[in-house]
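# turn this into a model:
(one chain, ligands or ions: 1)
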Amino acid sequence: MTPPTVVIHRDAETLVQAVAARLVTRLVDAQAAHGDASVVLTGGTAGIATLRAVAASPARGAVDWDALSVWWGDERFLPPGDPDRNETQARSALLDHVPVDPARVFPMPAAVGDLTPEDGAEQYAQALAAQTAKRAHSGAPVFDVLLLGVGPDGHVASLFPEHPALHDDRPVVGVRGAPKPPPLRISLSMPVIRSADEVWLVVAGPDKAPAVRMALEGSGPVQVPAAGANGERATRWLLDRAAAAELPADLARVASP
Ligand SMILES: O=C(O)C(O)[C@@H](O)[C@H](O)[C@H](O)COP(=O)(O)O
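Numbering: from 1, shown residues only. Below you'll find the model as predicted:
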């Protein structure tokens with residue numbers, strides 16, 4: 001694991017534009033290297049705004065959308081099409097506007113009938129295992145880039161501080177009693193998050209500053225899950241100034257003054 005890098009942008013809007021540009025480049029590079037690319041999306045304000053910025057970017061035409069697999073890091077366990085589902089928001093922000101191959105878009109299961117979050121997690125783990133085998137065969141990482149937001153409490157995906165899901169050794173976990181609504185969720189587990197080639201934590205706003213500081217100053221991942229979210233090859237903290245406000249000066253070099 002390489003040490004995290006920190007990039008600080010002037011404000012939330014500059015941050016999402018810069019992350020969108022970086023994401024387009026990352027997907028193009030992955031496709032050039034191994035023919036296709038695999039991305040994990042996040043819910044949350046900054047994550048969805050980034051997808052909107054990709055959709056609006058003239059550079060989006062550089063991505064071969066047909067050769068992209070789309071996964072989710074977590075999902076709010078709600079009925080299909082619910083406006084609060086991360087899937088619904090990602091589709092309207094980006095996926096409905098680019099020619100993705102529907103067979104390569106892997107939303108987490110929705111709340112239908114008797115399905116529980118645990119059942120949904122198990123189904124998603126099966127889809128993931130098939131992808132893992134396929135990508136291993138081609139020598140590509142399972143995920144080229146995995147996007148995460150960070151909560152004011154330091155949660156990432158639906159892995160909340162001190163929550164039992166953090167200790168679950170299954171690849172995908174059903175979450176009950178999440179402190180951020182809705183209480184029922186599905187999440188990739190920490191080991192699966194950590195298997196991504198690159199993990200990008202996209203964080204804006206002053207309410208996130210204490211969590212960003214704690215994660216980067218060595219807090220444990222049980223108290224501050226974001227502290228454990230490292231990629232195999234790169235971990236990038238992509239921040240606006242407000243989220244970076246509590247970082248010590250040696251970490252706080254500003255990219256967009
Ligand atoms: O489903 C969700 O809510 C998430 O995926 C969650 O982990 C989110 O990314 C953070 O809570 C940050 O969200 P904000 O950027 O909206 O604060």
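
# so how far is residue 14 from the closest residue to residue 73 other than its chain neighbours?
Excluding its sequence neighbours, the residue lying closest to residue 73 (Cβ to Cβ, 6 or more residues apart in numbering) is residue 157, at 4.2 Å. From N, CA and C alone the C-beta is placed, and that goes for glycine too. Going from residue 157 to residue 14 by Cβ to Cβ, to the nearest Å gives 25 Å.

# what does residue 5 give?
17 Å.

# re earlier: burial measure for the residue nearest to residue 73, as a count.
34 (other Cβ atoms under 10 Å).

# so who does residue 216 touch?
4, 6, 227, 237, 247, 251 (Cβ atoms under 8 Å, 6 or more residues apart in numbering).

# got CSV for these, with distance to the ligand and neighbour count too?
Listed next are the contacts of residue 216 as CSV, based on distance: Cβ to the nearest ligand atom, whole Å; neighbours: other Cβ atoms under 10 Å:
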residue, distance to the ligand, neighbour count
4, 18, 18
6, 18, 21
227, 14, 20
237, 14, 25
247, 18, 19
251, 21, 17
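
# chain center to the least confident helix or strand in the chain by mean pLDDT: distance?
Ranked by mean pLDDT, DSSP states H and E, the weakest helix or strand in the chain is helix 117-138, scoring a mean of 93. Put simply, helix 117-138 sits 17 Å off its chain's centre (Cα atoms, centre = their mean, to the nearest Å).

# low-confidence ranges in the stretch 151-257 of the chain?
253-254, 256-257 (pLDDT under 70).

# okay, and the closest residue to the ligand within it sits in which element?
When scored by Cβ to the nearest ligand atom, the stretch 151-257 of the chain has residue 151 as its residue closest to the ligand, at 3.9 Å. Under the criterion of DSSP states H and E, residue 151 resides outside all helices and strands.

# who are the contact partners of the closest residue in space to it that isn't next to it in sequence?
Spatially, and ignoring its direct neighbours in sequence, residue 151 is nearest to residue 180 (6.2 Å; Cβ to Cβ, 6+ apart). Going by Cβ under 8 Å, 6+ apart, residue 180 touches 151, 155, 160.

# up against the ligand, what does the stretch 151-257 of the chain have?
151, 155, 156, 157, 180 (Cβ under 6 Å from any ligand atom).

# residue 62: neighbour count?
For residue 62, using other Cβ under 10 Å, the count is 12.

# neighbours of residue 133, how many?
Around residue 133 there are 10 residues (other Cβ under 10 Å).

# mind listing the strands for this structure?
5-9, 37-41, 68-72, 74-76, 145-148, 172-175, 185-188, 198-203, 234-240 (DSSP state E).

# could you look over the ones you listed and pick the most buried one?
strand 185-188 (a mean of 31; mean count of other Cβ atoms under 10 Å).

# give the pairing partners of that strand; include direction for each.
Partners of strand 185-188 in the sheet, by DSSP bridges, are strand 74-76 (antiparallel), strand 172-175 (antiparallel).

# show me what residue of the stretch 51-200 of the chain gets nearest to the ligand.
residue 149 (2.5 Å).

# what score does the closest residue to that residue other than its chain neighbours have for pLDDT?
Closest residue in space to residue 149, ignoring its immediate chain neighbours: residue 44 at 3.2 Å, by Cβ to Cβ, 6+ apart. Listed pLDDT for residue 44 reads 96.

# excluding chain neighbours, what is closest to residue 219?
Nearest one to residue 219, counting by Cβ to Cβ, 6+ apart, is residue 227 at 4.9 Å.

# for that neighbour, give me its contacts.
Shown in contact with residue 227 (Cβ under 8 Å, 6+ apart): 154, 214, 215, 216, 218, 219, 220, 221.

# just the terminal-to-terminal distance for stretch 162-179.
One end of stretch 162-179 sits 11 Å from the other (Cα to Cα, to the nearest Å).

# what residues sit buried inside it?
163, 165, 166, 168, 171, 172, 173, 174, 175, 178 (16 or more other Cβ atoms under 10 Å).

# so the fourth one is in contact with residue 189, correct?
The one in question is residue 168. Yes. Contact criterion Cβ atoms under 8 Å: residue 168 and residue 189 qualify, at 6.0 Å.
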